[in-house]
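In: kindly generate the corresponding structure for this input.
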Amino acid sequence: MPKRKLFRKSGTVLLKLKTHSPNNLFMQNYLTQFLHDLKGAQNNKPVKPNYKVLYPDHPANDPEYEGHLDYIMEWEMGPQYDADDLFGISVDAFPPAERLTESQQQSLVEAILELWQAFNIVADYPDEVPVTALYNALVNRWKGEPFQYISEGTLHLEFCHYEPEECPWGLEYCTCKELHAKWENGDPYKMTPEEEAHWEKGLQPGGGWINPDLLDDDGNFDPNKLLSLDEDDNPNSLPF
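Out: Next up, the predicted model:
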């Protein structure tokens, strides 16, 4: 009889089996229940705070915008959650990859991605990355930095820092090494130092990028700097 450990999270009892056989019947029974828990966790979305009340002085809360910019308040001010608390599933409930078959890893990867998508979170990764590497990356991200939840729009999670030598997937599956090589060889698409500084200025602490032309002196988004469409119906400036 394998050793086992109980995990309680949000009223759900999860059974973690300590067994060295990935084909073990106990592990498969555990995964069947765990996949069911991951599916059910899609309904654990937190209640959206009333940002109008919490941040009455936020520029996007100006009555002249008639609520059309409310989403900006959520993107900027939305709380951060540890994954365990946000999804209601303990990271300790995920079995080590070496105790799973590739098929079992694939089932868990799909369940994680579906859960994240239900929370408007999308993971960005190479199409051909091996399932074991992807499973480990997703679990490590689960226990890493906090997640922000937004009720509308989509947050993209990137695992890459655009340095091939630091690629989490290995050089074999790195999708930016060719672009990086072009930059190093003076490719015309390589940004100038001024362009890099402009880009860096628009990076936001919670993730994402905002056109620096739309930021105030403190680096916050200023709705008053949004420009309307010109005569040719082309936007003079975009926030993202």
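
In: who are the contact partners of Ala83?
Out: Ile89, Val91, Arg141, Trp142, Lys143, Pro146, Phe147 (C-beta atoms under 8 Å, 6 or more residues apart in numbering). Every residue, glycine included, has its C-beta placed from N, CA and C.

In: actually Pro212, not the one I typed
Out: Taking C-beta under 8 Å, 6+ apart, we find Pro212 in contact with His198, Lys201, Gly202.

In: Phe119 versus that one, what's the distance?
Out: Distance, Pro212 to Phe119, using C-beta to C-beta, to the nearest Å: 29 Å.

In: what's the answer for Phe94, then?
Out: Counting by C-beta to C-beta, the separation of Phe94 from Phe119 is 17 Å.

In: and the most centrally placed residue in the chain, helix, strand or coil?
Out: With distances taken as C-alpha atoms, centre = their mean, the residue of the chain nearest its centroid is Leu157 (3.2 Å). The local conformation at Leu157, judged by DSSP: H, G, I helix; E, B strand; the rest coil, is strand.

In: looking at strand pairing, list the partners for it.
Out: Beta bridges link Leu157 to Ala123 when assigned by DSSP bridges.

In: let me see the contact set for it.
Out: Contact partners of Leu157, counting by C-beta under 8 Å, 6+ apart, are Trp116, Ile121, Val122, Ala123, Asp124, Arg141.

In: give me the buried entries from those residues.
Out: Buried subset of those (neighbour count, 16 or more other C-beta atoms under 10 Å): Trp116, Ile121, Ala123, Arg141.

In: can I get those in JSON lines including secondary structure?
Out: Listed next are the buried ones among the contacts of Leu157 as JSON lines, based on three-state DSSP:
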{"residue": "Trp116", "secondary structure": "helix"}
{"residue": "Ile121", "secondary structure": "strand"}
{"residue": "Ala123", "secondary structure": "strand"}
{"residue": "Arg141", "secondary structure": "helix"}
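
In: tell me the one among those residues nearest to Asp222.
Out: When those are compared for distance to Asp222 (C-beta to C-beta), Ile121 wins out at 27.2 Å.

In: tell me, how many residues neighbour the residue nearest to that closest one when sequence neighbours are not counted?
Out: Distance criterion C-beta to C-beta, 6 or more residues apart in numbering; nearest residue to Ile121, sequence neighbours excluded, is Leu155 at 5.1 Å. Counted with other C-beta atoms under 10 Å, residues neighbouring Leu155 total 18.

In: now do the strands in the protein.
Out: Using DSSP state E, the strands of the chain run over residues 3-9, 12-18, 80-81, 121-124, 147-148, 155-158.

In: rank those strands by pLDDT, which is bottom?
Out: With a mean of 37, strand 3-9 has the lowest mean pLDDT of the strands of the chain.

In: most widely separated two among the contacts of Leu157?
Out: Spatially, the most separated pair among the contacts of Leu157 is Val122 and Arg141, at 12.4 Å (C-beta to C-beta).

In: burial check on Leu54, number of neighbours?
Out: The number of residues packed near Leu54 is 11, by other C-beta under 10 Å.

In: pull the contacting residues for it.
Out: Met77.

In: and the gap between it and Ser90?
Out: Distance, Leu54 to Ser90, using C-beta to C-beta: 29 Å.

In: OK, contacts around the nearest residue in space to Lys39 that is not next to it in sequence?
Out: In this structure, Lys39 finds its nearest non-sequential neighbour in Ala111, 6.8 Å apart by C-beta to C-beta, 6+ apart. Going by C-beta under 8 Å, 6+ apart, Ala111 touches Leu35, Leu38, Lys39.
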